[in-house]
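Student: No letters, just coordinates:
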């Protein structure tokens, strides 16, 4: 059963707030680029470094119920892959979709994929 996002305070861990703020100020170059060139002016409102449960996601669009992750090299190591799978299962359980891009993805391709979600 999906958790209703309307009651998002259930999904929000206040302890993560300072970490999410720090992450916004110190984003990796690929995240900054995608934010500045696509997500900041996206058709739907997107929030950067959003705490969801015990996780902080790179970007989140509540209207589309979409988690957007930009993965660096650590996500392709066994420990990172296992952690990502756990996160994906959690997001699915609460009724969210997750899409992942890599630091190396072409910005036009990212734009095309994300606009497909927005309609």
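Tutor: Thanks, I have the structure now. For clarity, every value in this text was computed on a predicted model and none was experimentally measured.
Student: ok, residue 57 - contacts?
Tutor: By CB atoms under 8 Å, 6 or more residues apart in numbering, the contact set of residue 57 is 49-50, 67-69. The way it works is simple: take the backbone N, C-alpha and C, and place the C-beta from them, glycine included.
Student: what bits of the chain have low per-residue confidence?
Tutor: 1-12, 72-77, 80, 119 (pLDDT under 70).
Student: now the helices for this structure?
Tutor: 17-25, 29-37, 78-93, 107-118 (DSSP state H).
Student: Among those, which comes closest to residue 58?
Tutor: Nearest to residue 58 among the helices of the chain is helix 29-37; the distance by CB to CB comes to 5.8 Å.
Student: What residues of the closest one count as buried?
Tutor: Buried residues in helix 29-37, counted by 16 or more other CB atoms under 10 Å: 30-31, 34-35.
Student: Could you do stretch 94-108 as well?
Tutor: The neighbour-count check on stretch 94-108 (16+ other CB under 10 Å) flags 94, 96, 98, 101 as buried.
Student: Next: stretch 39-46.
Tutor: Across stretch 39-46, burial judged by 16+ other CB under 10 Å covers 39, 42, 46.
Student: In TSV: those residues, plus distance to residue 26.
Tutor: Shown next, in TSV, are the buried residues of stretch 39-46 (distance: CB to CB, whole Å):
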residue	distance to residue 26
39	17
42	22
46	19
